[in-house]
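*Asks:* no sequence on this one, just coordinates:
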């Protein structure tokens, strides 16, 4: 009977582990899904107006879709939020200067050599992607991680 209980616990944990992604990581996942589905209005709704101000919308959607296709699906992009304990103190200071102290740092692997870094903030009614930069894995390891 104990084995059945342990087995049930493990199965439930494994099933729920996919649902344990942070809200901000899910925002980035949903944005990629909308871009992949060519739902431009929905994809754009995840970005702040300031972020979109200097972007070419067609190019942005094309890049986002290509990222998902390159990684053969959103699940393989390993989209996660990194907390401050994992980030380089210099990067934290830079993000605090740019976005105040209420930001979230989300990463997504976009090909074998590049990581997309996203900055997400809570707005008045939803979370918005307010910044993003594609970085080489070497730069990511040197400048982003602690």
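*Replies:* Received, thanks. A quick note: this is a predicted structure, and the numbers were derived from the prediction, not measured. Numbers count the residues shown, from 1 in each chain.
*Asks:* now the chain, which segments are flagged as low pLDDT?
*Replies:* 1-21 (pLDDT under 70).
*Asks:* all strands in it, in order from the N-terminus.
*Replies:* Using DSSP state E, the strands assigned to the chain run over residues 80-82, 104-111, 114-122, 127-136.
*Asks:* Can you tell me which of the ones you listed is nearest to residue 23?
*Replies:* strand 127-136 (6.5 Å; Cβ to Cβ). C-beta here means a position set from N, CA and C on the backbone, and glycine is covered the same way.
*Asks:* That closest one packs against which elements?
*Replies:* helix 23-36, helix 49-53, helix 89-99, strand 114-122 (3 or more Cβ pairs under 8 Å, 6 or more residues apart in numbering; DSSP states H and E).
*Asks:* got CSV for these, with distance to residue 43 and mean neighbour count too?
*Replies:* CSV is the format used below for the helices and strands packed on strand 127-136 (distance: least, Cβ to Cβ, whole Å; neighbours: other Cβ atoms under 10 Å):
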stretch, distance to residue 43, mean neighbour count
helix 23-36, 4, 20
helix 49-53, 10, 12
helix 89-99, 21, 13
strand 114-122, 13, 20
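*Asks:* can these go into TSV with extra columns for distance to residue 66?
*Replies:* Shown next, in TSV, are the helices and strands packed on strand 127-136 (distance: least, Cβ to Cβ, whole Å):
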stretch	distance to residue 66
helix 23-36	9
helix 49-53	18
helix 89-99	26
strand 114-122	11
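*Asks:* of all those, which lies closest to residue 73?
*Replies:* That would be helix 23-36 among those, by Cβ to Cβ, at 9.0 Å.
*Asks:* could you give the angle of that closest one to strand 127-136?
*Replies:* 80 degrees (axes from the mean of the first three to the mean of the last three Cα atoms, to 10 degrees).
*Asks:* Mind listing residues that contact helix 23-36?
*Replies:* For helix 23-36, contacts defined as Cβ atoms under 8 Å, 6 or more residues apart in numbering pick out 21, 40, 42-43, 45-47, 61, 64-65, 67-69, 74, 77, 79-81, 104, 106, 108, 118, 120, 127, 129.
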